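> structure for this input, please:
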Amino acid sequence: MMHTLRIEIIEYNKKLNVCKGRLLNGDIVTVDPFCGCAIPLSDEDYKNGKAGDIVGNVYLLVDFHVGRDCITPYENGMILL
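Sure, this is the predicted structure:
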């Protein structure tokens, strides 16, 4: 059974290269949309701060792994709403 989550990206931590996201129930979770290339960014884009551009975006997480500390979507696992 595949579960789908709706997540709004509310913060980007450049040092750790992860985001905080708000789920529909209000819970705040850590998500790493770049590790599995769910949101592909080139090295140049990282260097130029483009990773922070996703703050405020809302996504459906359709293919992801839930770890103890972080949700890691897989490639094509995030759909921009």
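
> biggest strand in the chain by residues?
Ranked by residue count, the top strand of the chain under DSSP state E comes out as strand 5-13.

> show me what it pairs with in its sheet, parallel or antiparallel.
Here strand 5-13 is paired, per DSSP bridges, with strand 18-23 (antiparallel), strand 58-61 (antiparallel).

> what's in contact with the lowest-mean-pLDDT helix or strand in the chain?
Within the chain, no helix or strand scores below helix 43-47, which has a mean of 85 by mean pLDDT, DSSP states H and E. With contacts defined as Cβ atoms under 8 Å, 6 or more residues apart in numbering, helix 43-47 is touched by Asn17, Ala51. For every residue, glycine as well, the C-beta is placed using N, CA and C.

> how close does Asn57 sit to Pro73?
13 Å (Cβ to Cβ, to the nearest Å).

> hmm, back to that, so which of the strands paired with strand 5-13 is nearest Pro40?
strand 58-61 (13.9 Å; Cβ to Cβ).

> tell me the confidence at the residue positioned nearest the centre of the chain?
By Cα atoms, centre = their mean, the chain has its centre lying nearest to Pro33, at 3.5 Å. Looking at Pro33, its pLDDT stands at 92.

> what about it, which SS state?
coil (DSSP: H, G, I helix; E, B strand; the rest coil).

> could you find the closest non-adjacent residue to it?
Ile39 (4.4 Å; Cβ to Cβ, 6 or more residues apart in numbering).

> for the residue nearest to the centre of the chain, what are phi and psi?
Listed backbone geometry of Pro33 is phi -80, psi -10, with angles given as degrees, to the nearest 10.

> my guess is it contacts Ile54, does it?
Yes - Pro33 is within contact range of Ile54, at 7.0 Å (criterion: Cβ atoms under 8 Å).
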